[in-house]
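Peer 1: Next come a sequence and a model predicted from it.
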Amino acid sequence: MWVRTLSVMRKELLHIIRDPRTLILVFLIPIVQLVLLGYAATTDLEDVRTAVLDSDRSAQSRDLMAAFEATGYFVMTQQVPDAETMAALLDGGDVRAALVIPADYGRKVSAGQGVEVGFIIDGSDPTVANSVLAAAIQVGQAQSQLRAGGALPAGRTEVRPTVWYNPGLESDNFMIPALMGMILQFLGTLVTSMAIVREREQGTIEQIIVTPIRPGELVLGKTVPYLILTFVDFLEVLLIGMFWFKVPVHGDLGLLLLLSGLFLVGTLSTGILISTISNTQQEAMLASFLILMPSIFLSGFFFPLEAMPAPLRILSHAIPLRYMLIIIRSVILKGVGVISLRDEIIALLIFSVVMLVLASRRFRKRLE
């Protein structure tokens, strides 16, 4: 019995060794998981991008800005001239918060009077918003205690927070839109990546090659059914989110569907590219997971980008799902249009074109 068992084991080990690409993927995936979970899976925020509307422009207002930055939570990226500019930055996701200092702030502080400071928070990500809210209130309390201690005349600085886009800080409003993007990424990549490989494993790809069908026609015929399937799932989640979880939709659904189609072109092309590189469905699945894991952790799907180390934040710019999640959440929760999403649309357009060209060339070469 043991001789036969050992013979089977030897045969299987030889099979694994002779398939180096699958072997590399098997050893590479745990390393990727470890790095991503070790560094990206954190909610310890720092350097939250914050705009400042300083109507006072006094030494006291500058001290207040310095106090916010000294916490390590906030980085004052820019000062804005008016409320409209501040709102545009929040709409476009350029900043996560905005400090609004009234025109009489310095005078009241010097006179020892109480003064209110406005603080606007982007509530589309409840995890970030809750941390920012607590940190902002602490800064106000610390400033009041500092003056009460004798460094400045006694007086209270009260930070009055206002949460935009998701006032109740509901987690459903954050996660349901993200699930829409994840469905597009998951189905578009994983299912499509096995389409061509399945034909090759079943031995039917050769039969297709000898027919008059062209490579482009074959790719189109293989991908359109998955395009339809993915869009149906996307709409299903959208409707459930709207009517069951009561996620408010403030933007243009037509724009959302159009940009989802652009993103799906890139994900389907990625799946086709993986399919042309892989020899088996197992190998295609492993390669797909190797792409999907960074997408989950580095896109802001679970963990805020502000909490990640700088190298991972830089790397996240190469993750298409990052831009798609910004688009979905911005359209649904913020109601923004094309102008505010210009950078994300350009990024998705570049990604889709590049992946489409690479997949087409690789597929044509593989058929030849």
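Peer 2: Yep, it's here.

Peer 1: drop to CA atoms for contacts and neighbour counts, all remaining ones
Peer 2: Will do.

Peer 1: Would you map out the domains in the chain?
Peer 2: Domains of the chain are assigned by automatic domain parsing as 48-164, 170-367.

Peer 1: Mind checking the pLDDT average for the first one?
Peer 2: Spelled out, it's domain 48-164. Averaged across domain 48-164, the pLDDT comes to 85.

Peer 1: okay, how far is it across it, tip to tip?
Peer 2: Taking CA to CA, to the nearest Å, the first and last residues of domain 48-164 lie 16 Å apart.

Peer 1: ok so, going back, right, and the domains of the chain - which one's nearest Arg10?
Peer 2: domain 170-367 (20.5 Å; CA to CA).

Peer 1: sorry, back to before: what would the domains of the chain look like in TSV with distance to Arg10 and mean neighbour count?
Peer 2: Formatted as TSV, the domains of the chain follow (distance: least, CA to CA, whole Å; neighbours: other CA atoms under 10 Å):
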stretch	distance to Arg10	mean neighbour count
domain 48-164	51	18
domain 170-367	21	19
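
Peer 1: Just the pLDDT at Leu325, thanks.
Peer 2: So, for Leu325, pLDDT stands at 94.

Peer 1: wouldn't it be in contact with Gly181 here?
Peer 2: Yes - at 6.0 Å, Leu325 and Gly181 qualify as touching, with contact defined as CA atoms under 8 Å.

Peer 1: I'd like to know how far Met324 sits from Ala284.
Peer 2: Distance of Met324 to Ala284, given as CA to CA: 24 Å.

Peer 1: Equivalent analysis for Leu229, please.
Peer 2: Leu229 is 20 Å from Ala284, where distance means CA to CA.

Peer 1: ditto for Ile196
Peer 2: Taking CA to CA as the measure, Ile196 falls 10 Å from Ala284.

Peer 1: Strands of the chain, residue ranges please.
Peer 2: If DSSP state E is used as the criterion, the strands of the chain fall at 48-54, 74-79, 97-101, 115-122, 157-164.

Peer 1: who's in contact with the third one?
Peer 2: Going back to what we said before, that points to strand 97-101. With contact meaning CA atoms under 8 Å, 6 or more residues apart in numbering, strand 97-101 is reached by 48-56, 61, 86, 90, 117-122.

Peer 1: now for the lengthiest helix in the chain, which elements pack on it?
Peer 2: Of all segments of type helix in the chain, defined using DSSP state H, the longest is helix 215-243. Helices and strands touching helix 215-243, by 3 or more CA pairs under 8 Å, 6 or more residues apart in numbering; DSSP states H and E, are helix 171-186, helix 192-193, helix 253-277, helix 342-367.

Peer 1: Out of those, the one nearest Val80 is which?
Peer 2: The nearest among the helices and strands packed on helix 215-243, by CA to CA, is helix 342-367 at 20.4 Å.

Peer 1: that older thread, what angle do helix 342-367 and the longest helix of the chain make with each other?
Peer 2: Helix 215-243 runs at 140 degrees relative to helix 342-367, counting by axes from the mean of the first three to the mean of the last three CA atoms, to 10 degrees.

Peer 1: and helix 215-243 with helix 253-277, angle?
Peer 2: In terms of direction (the same axes, to 10 degrees), helix 215-243 departs from helix 253-277 by 140 degrees.

Peer 1: now helix 215-243 against helix 171-186, angle please.
Peer 2: When the same axes, to 10 degrees is applied, the directions of helix 215-243 and helix 171-186 differ by 170 degrees.

Peer 1: chain center to helix 215-243: distance?
Peer 2: Mean C-alpha position of helix 215-243 versus that of the full chain (CA atoms, centre = their mean, to the nearest Å) differs by 21 Å.

Peer 1: What mean pLDDT does it get?
Peer 2: 80.

Peer 1: how far away is Ser58 from Tyr105?
Peer 2: Using CA to CA, Ser58 is found at 8 Å from Tyr105.

Peer 1: cool, Ile332 as well?
Peer 2: Where Tyr105 is concerned, Ile332 sits at a distance of 36 Å (CA to CA).

Peer 1: What of Phe263?
Peer 2: 47 Å.

Peer 1: and if you look at Met182?
Peer 2: In terms of CA to CA, Met182 sits 46 Å off from Tyr105.
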